[in-house]
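Novice: predicted coordinates and the sequence they were generated for:
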Protein chains: 2
Amino acid sequence: MSGRKAQENFMRTAVSVEEATHIVMDRVRLMDTEELCITQSIGRYLAVEIIASQPVPHFRRAGMDGYAVIAADTSSATIRNPITLNVVDNIPAGTTSSMTIRPGECARIMTGAVVPDGADAVIKYEMTEESAYGTDEQETCCVKGMVIPGENVSPIGIEIGSGELVLQAGVRIGPAEIALLAMFGIATVQVYQQPRVAILATGAELLDVHEPLQPGRIRNSNAYMVTAAVMDFGGIPVMLGRISDDVEKAKAIVMDAFAVYDVVVTIGGVSVGDHDIIYDLTKDWDGDLKFNKVLMRPGSPTTYGLWNDKPLFALSGNPAACYVGCRLFLRPALRGMMGAKLVPEPRMLATLSTAYLKSDRSTRFIRGVFSSEKGSLVATPIGYDMSSVTVSLRDANCLICLPGSPKGYEAGELVEVIPL
Amino acid sequence: MSGRKAQENFMRTAVSVEEATHIVMDRVRLMDTEELCITQSIGRYLAVEIIASQPVPHFRRAGMDGYAVIAADTSSATIRNPITLNVVDNIPAGTTSSMTIRPGECARIMTGAVVPDGADAVIKYEMTEESAYGTDEQETCCVKGMVIPGENVSPIGIEIGSGELVLQAGVRIGPAEIALLAMFGIATVQVYQQPRVAILATGAELLDVHEPLQPGRIRNSNAYMVTAAVMDFGGIPVMLGRISDDVEKAKAIVMDAFAVYDVVVTIGGVSVGDHDIIYDLTKDWDGDLKFNKVLMRPGSPTTYGLWNDKPLFALSGNPAACYVGCRLFLRPALRGMMGAKLVPEPRMLATLSTAYLKSDRSTRFIRGVFSSEKGSLVATPIGYDMSSVTVSLRDANCLICLPGSPKGYEAGELVEVIPL
């Protein structure tokens, strides 16, 4: 029986990483939206586009602390031959002046204040000198240089015109985006909900983190790794513990998880071993198995299917393979469900620093370090790259993507890197 | 009076960006630690180093599903001339075998299981064939190729030796780190607390996000920007609203904030205008003003001081200057307080795609887009770069750092970029 299973397993139809990604992204279903206070929306993706309801600035705004003037009045002013203007008003930011500036007049003005009618420029403090009160107690200002019309004045709408697109749907709400929302008086905003991701591990060898080690058993570290990855990707992880090695029981647990959560991730049990139950589970269920073999290393038995439009990601139990599965498939799926507009993101190209001469039909994702050296991106394999190894993930900041090749890759070749 | 103030303001002693950074980082005081469940520690920085309490793996681990064998038994095996071994045990992951493998014997074994005594290699399924039960009902296995000693067996401690450093203090806890913590049975971990950051805005012109626009008044978008930035940097932002233009009242509010929070950020009021109260506030307080002028644009009046060892960051009210101040000074300070080990991070070099020919004594931080093109990092200024402009922050993914230069920068020159 196990022989037949193994044989069936070997006959799985492999898809390329690109096909697999396409299959996953094609089935991404947007989460429902929710309306959040903008401070709670940070890190989410906008569900609506934001159109400017007003121009920015919505008044002629002073760009400097100084004096609002008629530029023509200053045309002959120099340090040696300053000109004197009567100061007719004082305009702090937040107030407006009822005065109209006439030739020979100016108004003291602060950055951000409304430039008064009549004035067409602001001359900064550093180019002026306050004079003592004159004989008629008229305050005056001594101007020691010229300004041109429009200088230090932001015209209405120069930054954003009324009706312009301020934010596209699908952008991540970060510092600039929230500032723009606040600027337009948008206190609450529609964003997509965060997917809730059930995380289940298979394997009789797994111990809980609290349990002492036993011969032949290891602690369930992968579920924690996936938990952190889901949080990094923006989802809400929920660790549901270990699934039984019994297929029917496991199936019941997975179906229960689908009833509650938006995504189910299982870890382990995808290979050809006797106790690798995911193959049996997905062969004979109500769901739709999309692939269970990908032309990649590590993680070739990575399995993906849908149950009632909800995705199942069945990841390898080897730590590195598990993480590669998370990064390649789970991340764009979760971000897509949350409405992010560019998923998966384009990869970067870097120069491979050392040769990697293993031939392979599959695309390899090897752990690496990339950095910029004199303006060039350089990627260096970490070297200790068995899929069972966790510690090299700690030292990596990227996956180096090496498509199948009969001879491998020479130092100096351009390769794609996926930042971690 | 305002003239004297302006004059004093002009006489501020400017420090370079490097000096300012050094001053800020030199005064960073680590937060207290707290013990968290590891799933709550994600994104924090480790306060302790983690030493391996056990080797990994802690037993001779099978790296494949297959059969545990004595390699020497397989030395003559080929597809045409397979050899037959007696299967004496079946070892799923999580169990141990009491058998010792003798010549002519093997044990069926699953990935991750304990390789039994006597065996020194694992031959994978794909190179074997299960035979029908023999005449004496002894299960046998037909081996169609050779393995060498050690093949598909991970020796004890090959990944991590007992007593080795697993995680340095100061690393960010992400997927790999939490997996390693779980692997060593560490369920709770010491991390540094997140700094609580009070955010106060100055300016009579500011409206709350809920309020309708009024002539000459704008909504307080910077406080939201800083809020999002503090969250991005790992701190806990607390918006405390607007401070009065009255210096004594403002000082009382700032001191109240210091009594409760770990960091105080004020926005605006740092320039030379009549209502720019931060200069007066920090000139005559119990705290220690460290700098109030930095040779940079935007954000030259960025001000930093300490009150009872707690930092005050008084940022410019111009949106771009405000954000540059956050990114250059607040970010490394918050990360340093949380125990991150490499702050500020080293900058990357990129090739400037277009000339930027403005001369300047100060270092300019211009908004830009950087991307990798054929393995080279290329940085392109966004162009619309006035410090009053928020919208170009939306479009930027980096700040391009251009140190003061009499002639500016040509296309093709290498420049530093700071990712946003």
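Specialist: Ah, there it is.
Novice: how about the CA coordinates for stretch A:378-393, as PDB?
Specialist: Extracted as PDB, the C-alpha positions of stretch A:378-393 are listed here (Å, rounded to 0.1, in the frame of the first residue of the first chain):
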ATOM      1  CA  VAL A 378      25.600  41.800  -5.000                       C
ATOM      2  CA  ALA A 379      24.100  38.500  -3.800                       C
ATOM      3  CA  THR A 380      26.100  35.900  -2.000                       C
ATOM      4  CA  PRO A 381      24.800  32.400  -1.200                       C
ATOM      5  CA  ILE A 382      25.100  31.500   2.500                       C
ATOM      6  CA  GLY A 383      26.200  28.100   1.600                       C
ATOM      7  CA  TYR A 384      24.700  26.000   4.300                       C
ATOM      8  CA  ASP A 385      21.600  25.400   2.300                       C
ATOM      9  CA  MET A 386      20.000  22.000   3.100                       C
ATOM     10  CA  SER A 387      16.200  22.400   3.400                       C
ATOM     11  CA  SER A 388      16.300  20.900   6.900                       C
ATOM     12  CA  VAL A 389      18.400  23.800   8.200                       C
ATOM     13  CA  THR A 390      16.800  26.700  10.000                       C
ATOM     14  CA  VAL A 391      19.900  28.500  11.100                       C
ATOM     15  CA  SER A 392      20.800  29.700   7.700                       C
ATOM     16  CA  LEU A 393      17.500  31.500   7.400                       C
END
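Novice: tell me if it is near chain B.
Specialist: Yes. Judged by CB under 8 Å from any CB of the partner chain, stretch A:378-393 and chain B are in contact via A:Met386, A:Ser388, A:Val389, A:Thr390, A:Val391, A:Leu393. Any C-beta I mention is one placed from the backbone N, CA and C, and that applies to glycine too.
Novice: look up the closest residue to the residue in the stretch 201-350 of chain A positioned nearest to chain B, ignoring the ones flanking it.
Specialist: Distances between the stretch 201-350 of chain A and chain B by CB to the nearest CB are smallest at A:Glu205, namely 3.1 Å. Closest residue to A:Glu205 apart from its sequence neighbours, by CB to CB, 6 or more residues apart in numbering or on different chains: B:Gly94 at 3.1 Å.
Novice: interface residues of the stretch 251-400 of chain A facing chain B?
Specialist: A:271-276, A:317-319, A:323, A:326, A:348-351, A:371-377, A:386, A:388-391, A:393-394, A:396.
Novice: quick one: mark the members of those residues that sit in strands.
Specialist: A:Met348, A:Leu349, A:Ala350, A:Thr351, A:Ser371, A:Ser372, A:Glu373, A:Ser376, A:Leu377 (DSSP state E).
Novice: contacts only, for the fifth one.
Specialist: Yep, that's A:Ser371 we're talking about. By CB atoms under 8 Å, 6 or more residues apart in numbering or on different chains, the residues touching A:Ser371 are A:Leu377, A:Val378, B:Met348.
Novice: give the contact list for the closest residue to A:Thr202 other than its chain neighbours.
Specialist: When the adjacent residues along the chain are set aside, A:Thr202 lies closest to A:Gly269, with 3.6 Å between them (CB to CB, 6+ apart). By CB under 8 Å, 6+ apart, the contact list for A:Gly269 reads A:Thr202, A:Gly203, A:Ile243, A:His275, A:Asp276, A:Ile277, A:Ile278, A:Ala314, A:Gly317.
Novice: any idea of the pLDDT on the residue lying closest to the last one once chain neighbours are set aside?
Specialist: So that's A:Gly317. Leaving aside its sequence neighbours, A:Gly317 sits nearest to A:Gly268 (CB to CB, 6+ apart; 2.8 Å). Predicted confidence (pLDDT) for A:Gly268: 92.
Novice: right, and A:Gly268 touches A:Ser316 too?
Specialist: Yes. Judged on CB atoms under 8 Å, A:Gly268 makes contact with A:Ser316 at a distance of 7.1 Å.
Novice: when the two are compared, which one has more neighbours?
Specialist: Using other CB atoms under 10 Å in any protein chain shown, the more surrounded residue of A:Gly268 and A:Ser316 is A:Gly268, with 31 against 27.
Novice: that older thread, farthest-separated two in the contacts of A:Gly269?
Specialist: The distance between the two most remote of the contacts of A:Gly269 (CB to CB) is 14.2 Å, for A:His275 and A:Ala314.
Novice: quick one: which of the two has more around it?
Specialist: A:Ala314 (29 against 22).
Novice: the helix or strand harbouring that one pairs with which strands, parallel or anti?
Specialist: Using DSSP states H and E, A:Ala314 maps to strand A:310-315. Applying DSSP bridges, strand A:310-315 is found paired with strand A:263-267 (parallel), strand A:303-307 (antiparallel).
Novice: residues contacting that strand, please?
Specialist: For strand A:310-315, contacts defined as CB under 8 Å, 6+ apart pick out A:24, A:27, A:222, A:226, A:254, A:258, A:261-270, A:278, A:282, A:287, A:292, A:299, A:302-306, A:321-322, A:325-326, A:329-330, A:333.
Novice: ok, A:Val343 to A:Glu416 distance?
Specialist: 16 Å (CB to CB, to the nearest Å).
Novice: can you show me the helices along chain A?
Specialist: A:2-10, A:17-26, A:175-183, A:221-233, A:247-260, A:278-283, A:319-325, A:331-337, A:391-395 (DSSP state H).
Novice: most neighbours per residue, which of the ones you listed?
Specialist: helix A:319-325 (a mean of 29; mean count of other CB atoms under 10 Å in any protein chain shown).
Novice: contacting residues around that one?
Specialist: With contact meaning CB under 8 Å, 6+ apart, helix A:319-325 is reached by A:221-222, A:225-226, A:229, A:267, A:296, A:298-300, A:302, A:313, A:315-316, A:365, A:367, A:385-390, A:392-393, A:399, B:175-176, B:179.
Novice: got any ranges where the stretch 101-250 of chain A has weak pLDDT?
Specialist: A:131-136 (pLDDT under 70).
Novice: quick revisit: same list (the contacts of A:Ser371) but as a markdown table, adding distance to A:Val143, pLDDT and neighbour count.
Specialist: What follows is these, written out as a markdown table (distance: CB to CB, whole Å; pLDDT from 0 to 100; neighbours: other CB atoms under 10 Å in any protein chain shown):
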| residue | distance to A:Val143 | pLDDT | neighbour count |
| --- | --- | --- | --- |
| A:Leu377 | 52 | 94 | 24 |
| A:Val378 | 56 | 95 | 17 |
| B:Met348 | 45 | 91 | 19 |
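Novice: closest to A:Gln168 out of the residues you listed?
Specialist: Of all the contacts of A:Ser371, A:Gln168 sits closest to B:Met348, with 27.0 Å by CB to CB.
Novice: what pLDDT is listed against the nearest residue to that closest one once chain neighbours are set aside?
Specialist: The shortest distance from B:Met348 to any non-neighbouring residue, by CB to CB, 6+ apart, is to A:Ser372 (4.0 Å). In this model, A:Ser372 is scored at 88, pLDDT.
Novice: list the contacts of A:Ser372.
Specialist: Counted by CB under 8 Å, 6+ apart, A:Ser372 has contacts A:Val378, B:Met348, B:Leu349, B:Ala350, B:Leu377.
Novice: any idea which of these is closest to B:Glu159?
Specialist: Within the contacts of A:Ser372, the smallest distance to B:Glu159 is 26.4 Å, found for A:Val378 (CB to CB).
Novice: surely that closest one meets A:Leu349?
Specialist: No. If you go by CB under 8 Å, A:Val378 and A:Leu349 don't touch, sitting 11.0 Å apart.
Novice: quick one, domains of chain A?
Specialist: A:2-31+A:193-337, A:34-53+A:162-192, A:61-154, A:348-419 (automatic domain parsing).
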